[in-house]
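A.B. asks: Provide a 3D model corresponding to the input given below.
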Amino acid sequence: MPLLHAVAAVSRPRIHDFAPQNLANSVWACASLSFRNLPLLDTISERARHTLHEYSQQDLANTVWAFAILSLQDWRLLDAISASALRAISEFSPQGVANTAWAFAVLAVSHRPLINAVANEAVGRYSEFIAQELVNLTCSFASLEYTTQALRESVAESVRQDI
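C.D. replies: Next up is the predicted model:
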């Protein structure tokens with residue numbers, strides 16, 4: 001991994017020039033490569049907290065997914081992502097909704113307002129979700145010990161339709 005360390009060293013002082021998608025893609029790449037360079041990830045996190053208002057729904061979902069894969073509980077970033085995702089959850093793709101719930105469950109972060117919004121979004125759009133996304137959502141909610149009657153009914157209806 002010497003090349004990755006060299007790229008990280010060159011990138012850190014330039015992070016302030018990265019657009020939101022570049023930040024999200026960088027942390028996603030780190031997670032995909034299991035590259036846990038804390039100085040780089042801390043720098044990305046710091047910059048991301050100041051630019052989250054510019055993130056697309058996919059950038060938000062990818063960023064929280066990457067931090068979950070890397071097992072990094074950066075509370076300030078997670079709180080900021082929760083707030084941003086809460087405002088934009090209706091814009092998330094079904095995969096983004098499921099991945100966001102999964103990431104927060106993996107990190108054992110139960111941000112109730114966000115989880116409520118994710119559940120409401122899933123209930124309102126459950127027919128748009130593929131089976132894997134519903135499984136991820138269901139497992140995420142179970143892990144966070146979260147359920148609602150409407151959520152149970154929506155998942156049950158989806159399963160009945162697929163049988």
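A.B. asks: what's the neighbour count on Ala6?
C.D. replies: Ala6 has 10 neighbours, counted by other Cβ atoms under 10 Å. Placement of C-beta: from N, CA and C, glycine included.
A.B. asks: how far away is it from Leu40?
C.D. replies: Applying Cβ to Cβ, to the nearest Å, the value for Ala6 to Leu40 is 11 Å.
A.B. asks: Thr100 too?
C.D. replies: 23 Å.
A.B. asks: what about these two, which has more around it?
C.D. replies: Thr100 (30 against 21).
A.B. asks: Low-confidence bits of the chain, can you list those?
C.D. replies: 159, 162-163 (pLDDT under 70).
A.B. asks: where exactly do the helices run in it?
C.D. replies: 2-11, 20-32, 38-51, 57-69, 75-88, 94-106, 112-125, 131-143, 149-162 (DSSP state H).
A.B. asks: Return the residues in contact with Asp74.
C.D. replies: Under the criterion of Cβ atoms under 8 Å, 6 or more residues apart in numbering, the neighbours of Asp74 are Leu41, Asp42, Ser45, Phe67.
A.B. asks: Please disregard the earlier target; I meant Ser32.
C.D. replies: Contacts for Ser32 (Cβ under 8 Å, 6+ apart) come out as Ala66, Ile69.
A.B. asks: how near is it to Asn62?
C.D. replies: In this view, Ser32 and Asn62 are 10 Å apart by Cβ to Cβ.
A.B. asks: Also Trp102?
C.D. replies: Distance from Trp102 to Asn62, by Cβ to Cβ: 12 Å.
A.B. asks: ok, how many other residues are close to Ala131?
C.D. replies: Look at Ala131: counted by other Cβ under 10 Å, it has 10 neighbours.
A.B. asks: Would you mind measuring from it to Ala108?
C.D. replies: Ala131 is 25 Å from Ala108, by Cβ to Cβ.
A.B. asks: again with Ser56
C.D. replies: Distance check for Ser56 against Ala108: by Cβ to Cβ, it reads 26 Å.
A.B. asks: quick one, which of the two is more surrounded?
C.D. replies: Ser56 (15 against 10).
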